[in-house]
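K.L.:
Mind folding the following:
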Amino acid sequence: MNRPEVARREAFGTDETLQAGERDLLMHRIRKNLREHDAVLVAHYYTASDIQRLADETGGIVSDSLEMARFGYEHPASTVVVAGVRFMGETAKILSPEKRVIMPTQEATCSLDIGCPADEFAAFCDEHPDRTVVVYANTSAAVKARADWVVTSSIALDVIRHLHAQGEKILWAPDKHLGDYVQRQTGADMLMWDGACIVHEEFKAVELEALRGQLPDAKVLAHPESPAGVLDQADVIGSTTQLLRAVTELDATTFIVATDNGLFHKMREAAPGKQLIEAPTAGRSATCNSCAHCPWMAMNGLRNLDAALRTGADEIHVDPAVAKRAMVSLGRMLDFGREQKKQIAGAGDA
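P.N.:
Numbering: from 1, shown residues only. Got it, this is the predicted structure:
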């Protein structure tokens with residue numbers, strides 16, 4: 001994606017032009033409409049700070065994609081408002097077909113989703129019928145419907161270790177960097193789809209090494225969607241939730257963070273005394289000056305969130321037949337996660 005297109009998308013949802021009075025009015029009206037429409041707001045860590053604050057203040061959640069889906073499913077509200085990107089809205093609808101699911105804008109998509117068209121992916125799967133199909137959550141409902149398993153970054157290692165132990169060969173999509181990391185950690189036989197996140201792929205290993213030289217006491221935190229050269233330098237590799245936990249648990253005072261800078265809002269709340277530095281995206285091999293924020297996440301703003309609640313626009317619909325098939329792969333992930341929690345709880349009681 002070229003920079004003018006990214007800039008256009010960023011401008012669509014940005015609240016930078018809001019005056020203080022308009023911001024306060026919008027936030028007041030959104031709180032009111034959430035109550036009146038029996039709606040709960042679930043927001044991803046990469047959305048704007050105002051959106052995250054609203055979710056927290058109104059009884060919603062700010063989290064990673066797996067916890068967003070679980071929360072919306074378990075919450076009694078009849079309407080789930082998903083501030084994130086389209087695959088997150090689709091997942092919420094698949095898990096809760098009886099609920100109304102709306103988004104600030106359905107134009108908010110994901111480079112991983114776009115880069116894995118359902119028809120091309122189905123053909124790829126058909127060429128390798130002997131492999132168990134595992135797809136990352138950052139995919140369309142139609143791609144999930146073709147898969148045997150869905151995983152998020154927080155559970156991918158455990159699921160692949162489980163499948164590898166059973167002797168299964170894996171067909172993995174769409175993020176090649178996450179897939180490479182999982183393969184290196186587990187030793188599993190994995191055939192990769194060639195996809196990448198436009199944010200995480202821009203983090204630069206050479207420039208990160210130079211920055212670490214300037215800040216020798218800093219800890220490097222990296223999301224596994226980042227390239228291998230970045231991950232090889234990381235002190236902690238994990239999902240957004242795992243990186244957030246690392247900021248609070250490690251005794252370092254300075255962190256270089258290789259993930260979307262939207263996570264910095266929650267990191268600063270959790271560890272206000274820590275210094276957070278974006279991992280470098282600029283350098284000799286750079287294609288942009290700063291790519292540390294998803295242009296589609298930036299499309300979630302107070303204005304379009306307010307409009308969605310008032311008008312019911314941007315409601316998510318998933319074909320019931322597709323949703324039924326996708327629920328199989330999603331259900332396996334959720335069941336696996338629940339069983340893990342039971343085992344951990346049992347070990348703690350022993």
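
K.L.:
May I ask you to confirm that residue 322 is in contact with residue 145?
P.N.:
Yes - taking contacts as C-beta atoms under 8 Å, residue 322 lies within contact range of residue 145: 4.9 Å. Backbone N, C-alpha and C define where each C-beta goes, glycine included.

K.L.:
burial measure for the nearest residue to residue 65 once chain neighbours are set aside, as a count.
P.N.:
For residue 65, ignoring the flanking residues on the chain, the nearest one in space by C-beta to C-beta, 6 or more residues apart in numbering is residue 137 at 5.0 Å. Residue 137 has 25 neighbours, counted by other C-beta atoms under 10 Å.

K.L.:
Residue 137 reaches residue 85, doesn't it?
P.N.:
No - in this structure residue 137 lies outside contact range of residue 85 using C-beta under 8 Å: 10.5 Å.

K.L.:
tell me which residues in stretch 206-218 are buried?
P.N.:
For stretch 206-218, burial by neighbour count (16 or more other C-beta atoms under 10 Å) applies to 207, 208, 211, 212, 218.

K.L.:
In helices only, show me these.
P.N.:
Residues of the buried residues of stretch 206-218 located in helices (DSSP state H): 207, 208, 211, 212.

K.L.:
How about the contacts made by the third one?
P.N.:
By that I understand residue 211. Counting by C-beta atoms under 8 Å, 6 or more residues apart in numbering, residue 211 makes contact with 218, 256, 277, 279, 280.

K.L.:
Leaving out sequence neighbours, find the closest residue to the last one.
P.N.:
The reference is to residue 280. Nearest one to residue 280, counting by C-beta to C-beta, 6+ apart, is residue 207 at 3.6 Å.

K.L.:
Do you know the pLDDT at that neighbour?
P.N.:
Looking at residue 207, its pLDDT stands at 95.

K.L.:
just residue 9 next, same as before
P.N.:
pLDDT recorded at residue 9 is 40.

K.L.:
Repeat that for the one 4 residues further on.
P.N.:
Predicted confidence (pLDDT) at residue 13: the value is 47.

K.L.:
sorry, back to before: which residue of residue 322 and residue 145 possesses the greater neighbour count?
P.N.:
Neighbour comparison, residue 322 and residue 145: the larger count goes to residue 145, with 24 against 19 (by other C-beta under 10 Å).

K.L.:
Next up, the contacts around the more buried one.
P.N.:
Residue 145 sits next to 322, 323, 325, 326, 329 when contact means C-beta under 8 Å, 6+ apart.

K.L.:
so where does the residue nearest to the second one when sequence neighbours are not counted fall, helix or strand?
P.N.:
Meaning residue 323. Distance criterion C-beta to C-beta, 6+ apart; nearest residue to residue 323, sequence neighbours excluded, is residue 94 at 4.7 Å. Assigned by DSSP states H and E, residue 94 belongs to helix 86-95.

K.L.:
Packing partners of the helix or strand just after that helix?
P.N.:
Per DSSP H and E, the first helix or strand lying C-terminal to helix 86-95 is strand 100-102. Packing partners of strand 100-102 (3 or more C-beta pairs under 8 Å, 6 or more residues apart in numbering; DSSP states H and E): strand 79-83, helix 86-95.

K.L.:
out of those, deepest packed?
P.N.:
The highest mean neighbour count among the helices and strands packed on strand 100-102, using mean count of other C-beta atoms under 10 Å, belongs to strand 79-83: a mean of 28.

K.L.:
what mean pLDDT does that strand have?
P.N.:
97.

K.L.:
Other residues contacting that strand?
P.N.:
34, 37-44, 47, 51, 55, 60, 68, 72, 88-89, 92, 96, 99-104, 300, 305, 308-309, 316.

K.L.:
Let's see that with 6 Å instead.
P.N.:
If you take C-beta atoms under 6 Å, 6 or more residues apart in numbering as the criterion, strand 79-83 is touched by 37-43, 47, 51, 72, 88-89, 92, 99-104, 300.

K.L.:
picking that back up, name the nearest of the contacts of residue 145 relative to residue 165.
P.N.:
Closest approach to residue 165 among these (C-beta to C-beta): residue 329, at 19.3 Å.
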